[in-house]
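With the sequence up front, the predicted model follows.
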Amino acid sequence: MTTDDSSGAREMVRRQRDQKTTSTRDASASDDFHEWVLSLPWVVERPISLDTPGVRFFGVDCEPLGRRRRLWLLTGLRHVLGINWMGLAVVVPWHAANDIECAGWGRSVAPMPGKHALVNVHTELLGRQHDIEALVLAAHGYAMS
């Protein structure tokens, strides 16, 4: 093996190690986020009926308020929508979807029943934890109201 070959091999090993570390870090952040979501009041994970690996659906199930499995959050849409990180989307009323778009936080991607919209969260927002939490909590509040 020449000097060039060995330095190329070292570079490949380093690159693979860096990719694994980043992948592990992303998986850990994703797990922490999902754990936090499931800790919110009356949040349940809904079963997935689509053939979309990695996509997770969350609803609100609060019998005293008459909220039965109301969908409000989807994660893992990165493969479906071609976006980075978790591929986060929220279900909010039309007026809130418009506010989210005007703030530059997301884009409505589909109408939903009951004058609601599915809003894809922009990847720029995904790096700002407090903004993500605020948006997710707002969507949770809408699902509860």
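Yep, it's here. Numbering: from 1, shown residues only.

Quick check: the residue nearest the centre of the chain vs Glu35, distance?
Against the mean C-alpha coordinate of the chain, by C-alpha atoms, centre = their mean, the closest residue is Leu88 at 2.6 Å. In this view, Leu88 and Glu35 are 15 Å apart by C-beta to C-beta, to the nearest Å. The C-beta positions use only the backbone N, C-alpha and C, and glycine is treated the same way.

Might you quantify the distance of the longest strand anywhere in the chain from its chain's geometric centre?
Criterion DSSP state E: the longest strand present in the chain is strand 67-75. Relative to the chain's own centre, strand 67-75 is displaced by 13 Å; criterion: C-alpha atoms, centre = their mean, to the nearest Å.

which parts of it are buried?
Arg67, Arg70, Leu71, Trp72, Leu73, Leu74, Thr75 (16 or more other C-beta atoms under 10 Å).

and what of stretch 87-94?
Quick answer for stretch 87-94 (16+ other C-beta under 10 Å): Gly87, Leu88, Ala89, Val90, Val91, Val92, Pro93.

how about those in JSON lines, adding secondary structure and distance to Asn120?
Putting the buried residues of stretch 87-94 into JSON lines (DSSP: H, G, I helix; E, B strand; the rest coil; distance: C-beta to C-beta, whole Å) gives the following:
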{"residue": "Gly87", "secondary structure": "coil", "distance to Asn120": "8"}
{"residue": "Leu88", "secondary structure": "coil", "distance to Asn120": "8"}
{"residue": "Ala89", "secondary structure": "strand", "distance to Asn120": "5"}
{"residue": "Val90", "secondary structure": "strand", "distance to Asn120": "9"}
{"residue": "Val91", "secondary structure": "strand", "distance to Asn120": "11"}
{"residue": "Val92", "secondary structure": "strand", "distance to Asn120": "12"}
{"residue": "Pro93", "secondary structure": "strand", "distance to Asn120": "16"}
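
I am finished for the moment; much appreciated.
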